[in-house]
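Novice: Next one to model:
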Amino acid sequence: MDKPVRRRWAVLTALLTATIAAVLYPVEEELVVVAQSPGKPPLKSAAAPASMPAESTQWLSAEENPFAPRMWAPAPAPVETRTVGPVMAAEAPPPLPLPFRYLGQLTDASDRVVYLGIGEELLPARLGDTLDGRYKVVALTSTQIEFETISSGLRQVLALPAQDS
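Specialist: Below you'll find the predicted structure:
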């Protein structure tokens, strides 16, 4: 084997030996009982290292919930609540603007088609058509198109430009 491979194996062997020694090295622990409020059983804690105070490590007894919320500060005093008056319902937000723009129209003897644009798409609109899956054409005049939002029933108007006769 070449030199870098031998060095790598030597380092790995040394680390493995140190890990095994750390795991098998005997450690003596003393159990210390920490004073607790009366009415509760005392908590037991393992002996803490010299750098940590003994009160910082505490073990919970089997009766206590280990997942209960714990706080450093005492619980705040309860807040007094009172009813001021009737709660007003919030107004509905204004409707979104129509996504359509007028591109043109074609009028035959019995049919009127208005061409609308949404993005790069061209949509022909006739009375009663549903556009974009959300808007239904409910009225079609020479000056405006009236849409009804299918989900809410809200009506909106798109003004058409004046036509030269």
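Novice: So for the spatially most central residue of the chain, what pLDDT did the model give?
Specialist: Closest residue to the average C-alpha location of the chain: residue 93 at 22.2 Å, with CA atoms, centre = their mean. Confidence per residue is given as pLDDT, and for residue 93 that number is 75.
Novice: any idea how far it is from residue 152?
Specialist: Separation of residue 93 from residue 152 (CB to CB, to the nearest Å) stands at 11 Å. Using the backbone N, CA and C atoms, a C-beta is placed for each residue, glycine as well.
Novice: and what of residue 69?
Specialist: According to CB to CB, residue 69 stands 42 Å off from residue 152.
Novice: Quick one: mean pLDDT over stretch 59-68.
Specialist: For stretch 59-68, the mean pLDDT works out to 74.
Novice: And it, how far out from the chain middle?
Specialist: Chain-centre distance of stretch 59-68: 31 Å, with CA atoms, centre = their mean, to the nearest Å.
Novice: Repeat that for stretch 123-135.
Specialist: 35 Å.
Novice: Good, wrapping up.
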